[in-house]
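Q: just to be clear, the model below is a prediction. Sequence and coordinates:
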Amino acid sequence: MSPRIGRGDLESAMATIECSCPRCGRVALRPPDLELVLLCDGSGFYAFDCPRCGDRVRKPADEHAVCLLVFGGVVATEAPPGPVLGPGRATGTPLTVDDLIDFHQLLTTGDWFDRLAQRVPPTG
């Protein structure tokens, strides 16, 4: 379910955003209660702490959901590329046992940091 923007009462200048918690169902949130993250590949997600059960809820945000959330006052942030976002977000080929052995051997050298910073492959 995509978030839906509702018109709040006239006393409040902030929109009420209706989202769905897997445990509690529909919940009403304010823009500061939501985190909207845009990824460099064009996708994104929104997250919130459910006001009823306290669970952290994270859902994908397509272009339509992003537009609704931004229109409703949610501030979007751009996420850094790479595996910083946690499991399942890394790109590239998986490490092999040989990769780990090479890395271990590199760490035994005195200039391991400089070599990694320059991306110089280990010798040997």
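A: Noted; the coordinates are in hand.

Q: packing partners for the helix or strand where His104 lies?
A: Mapping His104 onto the secondary structure by DSSP states H and E places it in helix 97-107. Based on contacts counted as 3 or more C-beta pairs under 8 Å, 6 or more residues apart in numbering; DSSP states H and E, the elements that helix 97-107 packs against are helix 112-118. From N, CA and C alone the C-beta is placed, and that goes for glycine too.

Q: the helix it packs on - contacts with which helices or strands?
A: The criterion is 3+ C-beta pairs under 8 Å, 6+ apart, and the helices and strands that helix 112-118 contacts are helix 97-107.

Q: so where's this structure uncertain?
A: 1-13, 80-93, 119-124 (pLDDT under 70).

Q: from what I can see Arg58 touches Cys50, true?
A: No. Arg58 sits out of contact with Cys50 when judged by C-beta atoms under 8 Å, with a separation of 11.2 Å.

Q: buried set for the helix holding His104?
A: Taking 16 or more other C-beta atoms under 10 Å as the neighbour-count basis, helix 97-107 is seen to contain the buried residues Leu106.

Q: now the end-to-end length of stretch 23-33.
A: Here the two ends of stretch 23-33 are set 18 Å apart, with distance taken as C-alpha to C-alpha, to the nearest Å.

Q: and Arg58 and Cys50? which has more neighbours close in?
A: The residue with more neighbours, out of Arg58 and Cys50, is Cys50; 19 against 13, by other C-beta atoms under 10 Å.

Q: now that one. Nearest residue, chain neighbours left out?
A: Of all residues not flanking Cys50 in the chain, Cys21 sits nearest, at 4.2 Å (C-beta to C-beta, 6 or more residues apart in numbering).

Q: kindly state the beta-bridge partners for that neighbour.
A: In this structure, Cys21 bridges to Gly25 when assessed by DSSP bridges.

Q: show me where this structure has its strands.
A: When secondary structure is read from DSSP state E, the chain shows strands at 4-6, 16-21, 25-29, 34-38, 44-49, 56-60, 76-78.

Q: off-centre distance for the second one?
A: To tie it back to what came earlier, the one meant is strand 16-21. On the basis of C-alpha atoms, centre = their mean, to the nearest Å, strand 16-21 is displaced by 18 Å from the centre of the chain it belongs to.
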